[in-house]
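**Q** give the three-dimensional model of this entry:
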Amino acid sequence: MADYIVRATAANAQIRAFAITSRDMVEYARNAHDLSPVVTAALGRLLTGGVMMGCMLKGEKDLLTLQVKGEGPVHGLMVTADANGHGKGYADCPQAMMPPNSAGKLDVGGVIGKGTLTVIKDMGLKEPYASTVTLQTGEIGDDLTYYFAASEQIPSVVALGVLMDRNNTVKQAGGFILQLMPFTEEAVIAALEKKLVGLAPVTTLLEEGKSPEQILECVLGEFGVEVTDKIPAAFHCSCSKERVEKVLISLNREELQELIDEGKEVELNCHFCNTDYAFTVEELKKIQHARGRQKSGRNRS
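**A** Got it, this is the predicted structure:
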């Protein structure tokens, strides 16, 4: 099943919901960054949640960034998502390790440790909107739930899961987000809370072969689920050699000349997708020459 997100409402639009299957996306991240199993689970959850949150953005060019900073071995995670189901991300220490937790599961909270979650929304305004909250458990789902309540005043439930296979590839990944509208009736809230108590973990539902639509049916079926949209989801990085070249262009003349004088190929790396871009000495000379012409043109004007 290719990755995709569904948007839905329930209880006569008193509840809005998102659900996703994200196995391919998380496996791409694992392979691209050579992640350890526990870091795969951590970044995979943040990526899964981030892509669903990206679909909450209203503008086609709006961007969402999630930054996790912690005292644990992984140090930090970053995910960026847009409104079209695209996400990308990386971990500061991709090979960080952590013993299993007391339940014998991957210790995502332990590998992240105490820290903060920052949510940045770039909606084309003068300044991006940014909000930072303290991590509640480091398990990502709990932390995003707390963010929605504390920063956006939206009662929410965020459930995320990544299941690793025995060969350390990603077997299942996905999740859902439920949000209550301001006019939600108390009876609906009470019934939903009761339903969530006995709900199986997301990865269990995925292992049973359930699609995002069927997961929402498991959670919200009695409230009347209406799927309003279905969006393909994928790990997508917009980097290119031309974009990376701008880093070299931004260097001052002396720094660029030093690289040329070394007489070696220069390699720059994209953090998000771990792609390397090589620039030969001849290409560096062309960049230096182009900079000189631009400066000369500005001086004449």
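**Q** do you know how far L192 is from L206?
**A** As for L192, its distance to L206 is 21 Å (criterion: CB to CB, to the nearest Å). Every residue, glycine included, has its C-beta placed from N, CA and C.
**Q** again, but for E185
**A** For E185, the distance to L206 equals 31 Å [CB to CB].
**Q** close enough to count as contact, Q172 and V162?
**A** Yes. The pair Q172 / V162 is scored as a contact, 7.3 Å apart, by CB atoms under 8 Å.
**Q** list the contacts for R45?
**A** Residues in contact with R45 (CB atoms under 8 Å, 6 or more residues apart in numbering) are 108, 139-141, 160-162, 175.
**Q** repeat that for 6 Å
**A** The neighbours of R45, taking CB atoms under 6 Å, 6 or more residues apart in numbering as the test, are 140, 160, 162.
**Q** quick one, what contacts the closest residue to K241 other than its chain neighbours?
**A** In this structure, K241 finds its nearest non-sequential neighbour in Y277, 4.9 Å apart by CB to CB, 6 or more residues apart in numbering. Counting by CB under 6 Å, 6+ apart, Y277 makes contact with 241, 244, 268.
**Q** quick one: average pLDDT of the helix or strand harbouring Y277?
**A** Element membership for Y277 (DSSP states H and E) is strand 276-279. What strand 276-279 shows for mean pLDDT is 93.
**Q** beta partners for the residue nearest to G224 when sequence neighbours are not counted?
**A** Excluding its sequence neighbours, the residue lying closest to G224 (CB to CB, 6+ apart) is A10, at 5.8 Å. Judged by DSSP bridges, the bridge partners of A10 are I15.
**Q** ok, back up a step: who's more crowded, L192 and L206?
**A** Legend: neighbour count by other CB atoms under 10 Å for L192 and L206, higher for L206 (26 against 22).
**Q** look up phi and psi at that one.
**A** When read as degrees, to the nearest 10, the backbone of L206 gives phi -70, psi -40.
**Q** contacting residues for it?
**A** Residues near L206 by CB under 6 Å, 6+ apart: 172, 174.
**Q** tell me which element G89 is part of?
**A** strand 86-91.
**Q** strand partners (parallel or antiparallel) of that strand?
**A** Strand 86-91 is paired, per DSSP bridges, with strand 76-82 (antiparallel), strand 234-235 (parallel).
**Q** how far off centre is the last one?
**A** Strand 234-235 sits 10 Å away from the centroid of its parent chain (CA atoms, centre = their mean, to the nearest Å).
**Q** for the helix or strand following it, buried residues please.
**A** Later in the chain than strand 234-235, the nearest helix or strand by DSSP H and E is helix 241-249. Applying a neighbour-count criterion of 16 or more other CB atoms under 10 Å, one finds 244-245, 248 buried in helix 241-249.
**Q** same question for stretch 264-274.
**A** Across stretch 264-274, burial judged by 16+ other CB under 10 Å covers 266, 270, 272-273.
**Q** please compute how far that stretch lies from its chain's middle.
**A** Worked out by CA atoms, centre = their mean, stretch 264-274 lies 21 Å from the chain centre.
**Q** before we move on, back to that, ok, the contacts of R45 vs I215, which is closest?
**A** Within those, the smallest distance to I215 is 12.0 Å, found for L160 (CB to CB).
**Q** wait, doesn't the closest one sit right on L46?
**A** No. Contact criterion CB atoms under 6 Å: L160 and L46 do not qualify, at 8.2 Å.
**Q** what touches both of these two?
**A** Common neighbours of L160 and L46, using CB under 6 Å, 6+ apart, are I140.
**Q** in contact with G44, which residues?
**A** Applying CB under 6 Å, 6+ apart, the residues contacting G44 are 26, 162, 173.
**Q** now, those that are in strands?
**A** Members of the contacts of G44 lying in strands (criterion: DSSP state E): 162, 173.
**Q** which among the contacts of G44 count as buried?
**A** 26, 162, 173.
**Q** so the last one touches M25, yeah?
**A** No. Under the criterion of CB under 6 Å, A173 makes no contact with M25, lying 7.3 Å away.
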